[in-house]
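J.: Structure for the following, please:
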Amino acid sequence: INIADKVTLKKAENTFNSIFSLKIRFGTGKFYLPLLKYVPSYLEIADSKDLTSTEFKQKLSQYGCTIGFSVSERETSISLQGLDEHLGKSLELVNEFLLNLKEDEKKMKKVAHDLEANQKIAKRTPSYWTQTLNGFAIYGKESPFLREISLNEFKKLKSKDLLDAFETAKQYEITISYAGTLPEEELKKAFTNKFSIGKELKPKKEPVYFEKKIASENTIYVYNYKKAVQSQIYFFIDGRKYINTDGGVINAFNKYFGGDMSSLVFQEIREFRSLAYSTWATYNTPLRQGNKCYFNAYVGCQSDKTIDAMQAMTDLIHKMPEKEERWETVRSSLIEAAQSNRPGFRNLIETIEVWQFSNYTSDPNELLVEEYNRLNFGNVVEFYKTDIKNRPMTITVVGNTERINMKELAKFGKIITVNESQMIKK
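T.: Residues are numbered from 1 along each chain as shown. Reported below is the predicted structural model:
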């Protein structure tokens with residue numbers, strides 16, 4: 001439904017109840033306008049000239065409505081959920097609030113304090129350091145921890161900077177996703193009369209894709225996390241340029257090799273050898289055809305088992321056991337999953353957008369079922385040999401290096417020791 005120039009409303013029918021889901025998406029995000037990264041945190045606690053944040057949310061709740069804000073690399077979003085009968089009033093209240101947002105440096109300090117507290121908590125967890133190390137090893141300077149506005153940079157900003165960034169985002173093409181019961185004309189009338197839309201909106205920004213910089217020789221990036229009693233180990237292998245017809249054999253390989261508790265990786269590393277408390281492996285595909293795939297595996301283990309766990313995973317990667325007797329179970333499981341994989345009505349619009357972005361003209365699950373029926377185990381083995389076996393790996397290790405045999409670690413590849421200042425922008 002075209003509401004205005006560069007304003008599109010997409011509707012999915014709710015046949016279950018009278019609760020609507022609404023997402024207003026402005027066509028630019030934090031990649032194109034870095035300040036937007038912190039806008040949702042400010043908007044969640046911001047006051048308007050007439051209402052405090054608490055009063056605003058209390059008024060919304062009287063209409064049975066809740067609100068949230070989010071940002072991605074290319075979109076800035078407002079999400080509402082509430083009763084269809086009050087959609088117009090909810091939209092009017094939200095519009096009035098957003099048009100009269102107030103600058104408030106105390107709120108900025110509150111956001112900074114909360115972000116700093118969350119960061120301190122995160123830094124006590126191994127998962128934070130694996131994210132930062134993986135980002136540095138795979139994306140280099142394009143790692144979000146180096147590319148995006150840091151907490152220290154945020155502390156120098158004023159509330160006006162964030163409100164100006166939000167106003168800029170509102171001047172971009174708008175896509176509205178609605179799941180509910182109201183007819184199209186009533187929806188169009190609600191947005192035309194109750195929600196302010198900028199004039200001469202700019203076209204929405206292009207999707208963002210970051211090429212992974214996986215090394216051409218075996219390379220190990222190590223971060224010495226002295227408090228760690230366990231090691232977090234990730235393996236990366238560069239992949240092929242993706243086309244949609246690859247989907248079937250890739251899913252089959254993932255199911256067989258490392259996708260769940262019945263896979264080779266789980267059974268060989270965790271069940272049979274008890275080397276890890278968690279392990280998996282998967283060949284990842286991009287959303288858009290022509291972009292590159294990559295293989296990714298993980299082992300989480302006790303520090304003293306680091307070398308043994310790494311050896312077990314690399315052995316599986318380089319010498320995959322061929323157990324053809326498992327094939328029919330793998331195939332039937334894939335077919336059953338594809339046949340039952342249907343998006344819920346609240347996610348239908350954005351799911352279809354992803355399909356269209358990926359150049360599908362119909363539900364890809366239908367094509368996958370056809371592919372699964374054509375595949376045999378030999379296809380999976382051939383895919384493994386051409387795309388994974390004996391290819392160079394980038395490995396990342398977060399753990400206490402005093403508990404890891406570094407001489408043995410060096411046998412897996414060239415070691416690069418990384419410190420915090422290299423991974424995270426100050």
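
J.: The stretch 251-400 of the chain: strands as residue ranges?
T.: In the stretch 251-400 of the chain, the strands defined using DSSP state E, counting those that start in this stretch lie at 278-284, 292-302, 394-399.

J.: I'd like to know how far the closest residue to residue 161 other than its chain neighbours sits from residue 139.
T.: Using C-beta to C-beta, 6 or more residues apart in numbering and skipping the chain neighbours, the partner closest in space to residue 161 is residue 35 (6.0 Å). In this view, the C-beta of every residue, glycine as well, is placed from N, C-alpha and C. Plainly put, residue 35 is 21 Å away from residue 139 if you go by C-beta to C-beta, to the nearest Å.

J.: Comparing the two, which shows the higher neighbour count?
T.: A count of neighbours by other C-beta atoms under 10 Å puts residue 35 above the other of residue 35 and residue 139, at 20 against 17.

J.: Is it correct that the more buried one falls within a strand?
T.: No - with DSSP: H, G, I helix; E, B strand; the rest coil as the criterion, residue 35 is helix rather than part of a strand.

J.: does the residue nearest to residue 161 really touch residue 156, like I thought?
T.: No - Residue 35 is not in contact with residue 156 according to C-beta atoms under 8 Å; the separation is 11.7 Å.

J.: ok now do the residue nearest the centre of the chain, which residues does it touch?
T.: The centroid of the chain falls nearest to residue 72 when counting by C-alpha atoms, centre = their mean (9.1 Å). Residue 72 is in contact with 29, 30, counting by C-beta atoms under 8 Å, 6 or more residues apart in numbering.

J.: how about it, phi and psi?
T.: Main-chain torsions, residue 72, degrees, to the nearest 10: phi -120, psi -170.

J.: List the contacts of the residue nearest to residue 161.
T.: 149, 157, 161, 162, 164, 165.

J.: okay, now the third one: neighbour count?
T.: When you say that, I think you mean residue 161. By other C-beta under 10 Å, neighbour count at residue 161 equals 17.

J.: For it, give its distance to residue 115.
T.: 15 Å.

J.: what helix or strand is the closest residue to residue 74 other than its chain neighbours on?
T.: Spatial nearest neighbour of residue 74, excluding adjacent residues (C-beta to C-beta, 6+ apart): residue 29 at 4.4 Å. Using DSSP states H and E, residue 29 is not contained in any helix or strand.

J.: What about residue 29? Give its phi and psi, please.
T.: Taking degrees, to the nearest 10 as the convention, residue 29 sits at phi -140, psi -160.

J.: wouldn't it be in contact with residue 75 here?
T.: Yes - judged on C-beta under 8 Å, residue 29 makes contact with residue 75 at a distance of 4.9 Å.

J.: Compare neighbour counts for these two and give me the winner.
T.: residue 29 (25 against 21).

J.: Grab the longest helix from the protein for me.
T.: In the chain, assigned by DSSP state H, the helix with the most residues is helix 105-122.

J.: Can you tell me what sits against that helix?
T.: By C-beta under 8 Å, 6+ apart, helix 105-122 touches 38, 41-42, 45-47, 128, 151, 154-155, 157-159, 162.

J.: Now do the same contact list for residue 162.
T.: With contact set as C-beta under 8 Å, 6+ apart, residue 162 has these partners: 35, 38, 39, 42, 108.

J.: In this structure residue 202 contacts residue 172, no?
T.: Yes - counting by C-beta under 8 Å, residue 172 is a contact partner of residue 202 at 5.0 Å.

J.: Provide a PyMOL selection command restricted to the buried entries of the contacts of helix 105-122.
T.: Selection of buried members from those for PyMOL, criterion 16 or more other C-beta atoms under 10 Å:
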select buried, resi 38+41+42+45+46+47+128+154+157+159+162
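
J.: Among the contacts of helix 105-122, give me the pair with the biggest separation.
T.: Spatial extent of the contacts of helix 105-122 (C-beta to C-beta) is set by the pair 47 and 128 at 32.0 Å.

J.: so where do the strands sit in the stretch 1-150 of the chain?
T.: Using DSSP E, counting those that start in this stretch, strands in the stretch 1-150 of the chain cover 2-4, 7-13, 19-26, 66-71, 76-83.

J.: Tell me what angle the fourth one forms with strand 19-26.
T.: Relative orientation of strand 66-71 and strand 19-26, computed by axes from the mean of the first three to the mean of the last three C-alpha atoms, to 10 degrees: 30 degrees.

J.: which of the residues in strand 66-71 are buried?
T.: 67, 69, 71.

J.: chain center to the longest helix of the chain: distance?
T.: From the chain centre to the centre of helix 105-122 is a distance of 23 Å (C-alpha atoms, centre = their mean, to the nearest Å).

J.: Return that helix as CSV; C-alpha atoms alone will do.
T.: In CSV, the C-alpha atoms belonging to helix 105-122 read as follows (Å, rounded to 0.1, in the frame of the first residue of the first chain):
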residue,chain,number,x,y,z
GLU,A,105,22.0,15.9,29.5
LYS,A,106,21.0,14.1,32.7
LYS,A,107,19.4,11.4,30.5
MET,A,108,22.6,11.2,28.5
LYS,A,109,24.6,10.6,31.6
LYS,A,110,22.1,7.9,32.6
VAL,A,111,22.6,6.2,29.2
ALA,A,112,26.4,6.5,29.6
HIS,A,113,26.3,5.1,33.1
ASP,A,114,24.1,2.1,32.0
LEU,A,115,26.3,1.4,29.0
GLU,A,116,29.4,1.5,31.1
ALA,A,117,27.9,-0.8,33.7
ASN,A,118,26.8,-3.3,31.0
GLN,A,119,30.3,-3.1,29.4
LYS,A,120,32.0,-3.9,32.7
ILE,A,121,29.7,-6.9,33.2
ALA,A,122,30.3,-8.1,29.7
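
J.: No more questions from me, cheers.
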